[in-house]
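K.L.:
What shape does this take:
(chains A and B)
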2 protein chains.
Amino acid sequence: MPQSTQAPVLARRQILAGSATALAAVGLGSFSQAAGAQAAAPAASAAPAAAGAKPLPAYAAWKDASALIQHSSSTLETKRSVFGMGLITPSEQLYVRNNLPAPNASILDDREAWQLEVEGVKSARSLSLRELKTLGVETLTMVLQCSGNGRGFFPSKPSGTPWTVGAAGCVVWTGVPVRQVVDLLGGVLPGHGFMTGTGGEALPAGLDPKSIVVERSVPAQAMGEALLAWEMNGQPISLAHGGPLRLIVPGYQGVNQIKYIKRLAFTAQESDAKIMAHGYRISPPGSKADPSQPSVLEMVVKSWINSPLAERPGVAGPVQIQGVAFGGLHGIKRVEVSIDGGKTWRDARLVGPDLGKYAWRQFALAAKLAPGSHTLVSRATDTAGNVQPEQRMENVGGYNNNSWADHAVSVTLA
Amino acid sequence: MPQSTQAPVLARRQILAGSATALAAVGLGSFSQAAGAQAAAPAASAAPAAAGAKPLPAYAAWKDASALIQHSSSTLETKRSVFGMGLITPSEQLYVRNNLPAPNASILDDREAWQLEVEGVKSARSLSLRELKTLGVETLTMVLQCSGNGRGFFPSKPSGTPWTVGAAGCVVWTGVPVRQVVDLLGGVLPGHGFMTGTGGEALPAGLDPKSIVVERSVPAQAMGEALLAWEMNGQPISLAHGGPLRLIVPGYQGVNQIKYIKRLAFTAQESDAKIMAHGYRISPPGSKADPSQPSVLEMVVKSWINSPLAERPGVAGPVQIQGVAFGGLHGIKRVEVSIDGGKTWRDARLVGPDLGKYAWRQFALAAKLAPGSHTLVSRATDTAGNVQPEQRMENVGGYNNNSWADHAVSVTLA
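P.N.:
As a prediction, this is how the structure comes out:
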């Protein structure tokens, strides 16, 4: 992963190109449209068009292009067929979704000099990454998922990237617990019920910063297991994934995992930045996003099958049906699999070690499939008893799709 | 990880070059010398000479050269400074040690067609990888370590690669449990107390195959959690790491994890192949290796510090001392750290989720270091009560070094 030695010239070119994209996105007035209007939503079984044909953007050039569907320079999706049974998604296969162009790669030249402002605590001040590293260290495994993952299954074709399943991965983060930083600074001020993170992306000049900045608020109690992280999958965090420092709020959708974090503030109100107030809201069909609607925060219980798939169906006879399941704030208790499109279900087996409630579990079901066509589906239940529903919850932005029917796999066996 | 699309021409060139190395090794008459006679053993703090200067061998060209010390075309060591806190060693940073040149990359063209002969069972027969995948699936996390890891600390300078700590990593394997295959085939024949795996490397013509073949025997009860694996870290196993199919015997030293396995036999006797009978034996100083001496089988309890290191000592004041610990067949119960070279000890904290008894645990100790020089050491205890010793067990081959004194880190802080 030689991203830290990436040529600054290329990085700058990328940023210039990316800035134009950001301006276009702002012009469109919706954060979910930052990737631009994409073509028709792909079916689960459709082969991605021209995958690997475009070179990867410079900030992600170290990734495995053959494992990724490149929707745009800021939206790369992991192909469903490359998810294995290995617990952790390799960094070079992990999806990328950037709301703004990545900062100049030079911010990684001296990682430890990166400064974080901490506010809304008794003794507000700036801390360097060097100092943060001396305060404590914790490692956690977590599903990272874009809240628009599964948008491609919405027949309403919401604007935004038509992700199917690959805007998600299970990764390992290492950093200092937020609570240790807060304790050092005397604790959160009374009445400051939100934890607000601000990203360090460069903002285009001439525009209201509040209309562009990546700034998100989560309930302050989410601090419980949150990290200020400097490693992903055992390596210094790459530019593509928010290095040198990223806020990790386990169990929350990806937009809340603030990259290049430069400010962590405990606040009495949610941020009034556009990405918080009008972006990433669960807006009923036909409505416009507004701050009264639910924000995209915790992930919801979800699962899908990765093998077999239409493009590698195998042969009739015994098969091991395999996939992944995760539960947002709750671990996975049970996964059921149906080989008849949801008419009848059998309990699948959870495979491999449990990496904690924020990680995904892999599952497998031994089945026999006769020659012909089959519709395979999976349905997860979390430890709080939440069951993955058959139907998606319709919403304008195409968020939080955990419909088991939408994630079905159709295979035809010889 | 585009190794499966690696140019066959390059692969062939590599194999031709590698064959010469193999012949030289056979000429030397010791498997531990396959890497050729290396220069002086490096100190733990020595920067590797000309690291990254040589291009990686073709079969491992997808690896991160900046993370590796290239001892020879068949021996690549992970730099101590790149081990992070991320539980799993990224594949592109993982060490490589091949006893023979890797087979032609064309063996990965149709992975599922790979054939494994199973013998010493009631119904011996050949199974394809395609069939193996239908029988069952399990995932486990395991330290993979060359038994010569730590050889570089032996003052006797044993022949063989002078690894310090980087001939080890913690990786995830997915495959079918050996016991499921054995059950399918009617069980092990009575009196067949060894499980013998044979690698699929091409053997140079004109030499006694028994003198070259990679064939190892372990006690048959090691079958308990053994896998026939087709994935490493969630991806199809690369050529460098034994794909398409590798025997995984958790808790055992790397030489027993047979790459490109083509035959799995339950046998009444240990293999008489040279690598078993006369290679990898714990030979007392001054003796010659023979089959009466202990073979290199289970790993022994071990730990080492990865941060701080001499090349990045940090500054005086608070520090998080970090490292890894593992216990072979037993999990880790305790890790102690000393900042005074072993005079006094404090319990370190185990960090991150427990991935099972065969995985390593990361540890951290918050300490304050004054300006000046410090000798930092760690000492692990496994769940069976085995304590990492101060001194290495001297032996001709330089195997099984788990001395905590040898793994000390010296740092000088401003």
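K.L.:
just the helices in the stretch 1-150 of chain A please.
P.N.:
Assigned by DSSP state H, counting those that start in this stretch, the stretch 1-150 of chain A shows helices spanning A:8-28, A:129-135.
K.L.:
How many residues are close by residue A:243?
P.N.:
27 (other Cβ atoms under 10 Å in any protein chain shown). Quick note: C-beta positions are derived from backbone N, CA and C, even for glycine.
K.L.:
quick one, what contacts residue A:172?
P.N.:
A:88, A:139-142, A:231-234, B:86-88, B:352 (Cβ atoms under 8 Å, 6 or more residues apart in numbering or on different chains).
K.L.:
rank the helices of the stretch 1-150 of chain A by pLDDT, which is bottom?
P.N.:
Looking at the helices of the stretch 1-150 of chain A, the lowest mean pLDDT belongs to helix A:8-28 (a mean of 32).
K.L.:
thinking again about what came up before, ok, the contacts of residue A:172 vs residue B:268, which is closest?
P.N.:
The closest of the contacts of residue A:172 to residue B:268 turns out to be residue B:88 (Cβ to Cβ; 38.1 Å).
K.L.:
Next one, pLDDT for that closest one please.
P.N.:
The model's pLDDT for residue B:88 equals 98.
K.L.:
my guess is it meets residue B:170, correct?
P.N.:
Yes: between residue B:88 and residue B:170 there is a contact under Cβ atoms under 8 Å: 5.8 Å.
K.L.:
Spell out which residues are contacts of both of those two.
P.N.:
In contact with both residue B:88 and residue B:170: residue B:141, using Cβ under 8 Å, 6+ apart.
K.L.:
what sits opposite the residue nearest in space to the middle of chain A in the beta ladder?
P.N.:
In chain A, the residue lying closest to the centroid (Cα atoms, centre = their mean) is residue A:145, at 2.4 Å. Following DSSP bridges, residue A:145 is listed with bridge partners residue A:168.
K.L.:
give the contact list for it.
P.N.:
Residue A:145 sits in contact with A:167-169, A:253-254, A:299, where contact means Cβ under 8 Å, 6+ apart.
K.L.:
possible to save the residues you listed as JSON lines with pLDDT and neighbour count?
P.N.:
Converted to JSON lines, these look like this (pLDDT from 0 to 100; neighbours: other Cβ atoms under 10 Å in any protein chain shown):
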{"residue": "A:167", "pLDDT": "98", "neighbour count": "27"}
{"residue": "A:168", "pLDDT": "98", "neighbour count": "26"}
{"residue": "A:169", "pLDDT": "98", "neighbour count": "23"}
{"residue": "A:253", "pLDDT": "98", "neighbour count": "26"}
{"residue": "A:254", "pLDDT": "97", "neighbour count": "22"}
{"residue": "A:299", "pLDDT": "97", "neighbour count": "27"}
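K.L.:
quick check, nearest of those residues to chain B?
P.N.:
residue A:169 (9.8 Å; Cβ to the nearest Cβ).
K.L.:
re the thing from before, can you convert the contacts of residue A:172 into TSV and add a column each for distance to residue B:123 and neighbour count?
P.N.:
Below are the contacts of residue A:172 laid out as TSV (distance: Cβ to Cβ, whole Å; neighbours: other Cβ atoms under 10 Å in any protein chain shown):
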residue	distance to residue B:123	neighbour count
A:88	37	26
A:139	46	22
A:140	46	25
A:141	41	26
A:142	45	27
A:231	49	20
A:232	47	26
A:233	43	28
A:234	43	24
B:86	43	23
B:87	40	28
B:88	37	26
B:352	44	22
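K.L.:
Inside strands: which ones of these?
P.N.:
The strands, defined by DSSP state E, take in A:139-142, A:231-232 from the contacts of residue A:172.
K.L.:
For chain B, tell me which of those show up nearby.
P.N.:
A:139-141, A:231-232 (Cβ under 8 Å from any Cβ of the partner chain).
K.L.:
right, and the pair among those residues with maximum separation?
P.N.:
Distances among these were taken as Cβ to Cβ; the most separated pair is A:141 and A:231, at 12.3 Å.
K.L.:
Now for these two: what residues contact both?
P.N.:
With contacts taken as Cβ under 8 Å, 6+ apart, residue A:141 and residue A:231 have A:172-173 as neighbours in common.
K.L.:
which parts of the stretch 201-350 of chain A sit against chain B?
P.N.:
Applying Cβ under 8 Å from any Cβ, one finds that the stretch 201-350 of chain A approaches chain B through A:231-236, A:317-320, A:322.
K.L.:
Quick one: low-confidence residue ranges for chain A.
P.N.:
Within chain A, the stretches with pLDDT under 70 are A:1-53.
K.L.:
quick one: the residue in the stretch 51-200 of chain A that chain B sits nearest to from residue A:332, how far?
P.N.:
Chain B sits closest to residue A:86 of the stretch 51-200 of chain A, with a gap of 2.3 Å, by Cβ to the nearest Cβ. Separation of residue A:86 from residue A:332 (Cβ to Cβ, to the nearest Å): 17 Å.
K.L.:
Tell me which residues of stretch A:184-191 come out buried.
P.N.:
Going by neighbour count (16 or more other Cβ atoms under 10 Å in any protein chain shown), the buried part of stretch A:184-191 is A:184-185, A:188.
K.L.:
contact partners of stretch A:118-126?
P.N.:
A:115-117, A:127, A:181-182, A:185-189, A:192, A:196, A:263-267.
K.L.:
May I have the distance across it, first residue to last?
P.N.:
6 Å (Cα to Cα, to the nearest Å).
K.L.:
What of stretch A:68-87?
P.N.:
End-to-end distance for stretch A:68-87: 18 Å, by Cα to Cα.
K.L.:
How far does that stretch sit from its chain's centre?
P.N.:
Centroid separation for stretch A:68-87 versus its chain: 12 Å, with Cα atoms, centre = their mean, to the nearest Å.
K.L.:
which of the buried residues of stretch A:184-191 lies closest to residue A:403?
P.N.:
For the buried residues of stretch A:184-191, the nearest to residue A:403 is residue A:188 (37.7 Å; Cβ to Cβ).
K.L.:
Once you drop chain neighbours, what's closest to the closest one?
P.N.:
residue A:266 (4.6 Å; Cβ to Cβ, 6 or more residues apart in numbering or on different chains).
K.L.:
so that neighbour sits in a strand?
P.N.:
Yes: secondary structure of residue A:266 (DSSP: H, G, I helix; E, B strand; the rest coil): part of a strand.
K.L.:
Surely it and residue A:220 touch.
P.N.:
Yes: the criterion here is Cβ under 8 Å, and residue A:266 meets it with residue A:220 at 5.9 Å.
K.L.:
quick one: common contacting residues for these two?
P.N.:
Common contact partners of residue A:266 and residue A:220 (Cβ under 8 Å, 6+ apart): A:188, A:192, A:194-195.
K.L.:
so can I have CSV of those residues showing secondary structure?
P.N.:
Output for those, formatted as CSV (three-state DSSP):
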residue, secondary structure
A:188, strand
A:192, coil
A:194, strand
A:195, strand
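K.L.:
Ranking by neighbours, what's the top pick from those?
P.N.:
In terms of neighbours by other Cβ under 10 Å, those top out with residue A:195 at 25 neighbours.
K.L.:
quick one, what contacts that one?
P.N.:
Taking Cβ under 8 Å, 6+ apart, one finds A:178, A:217-220, A:222-223, A:226, A:249, A:264-267 in contact with residue A:195.
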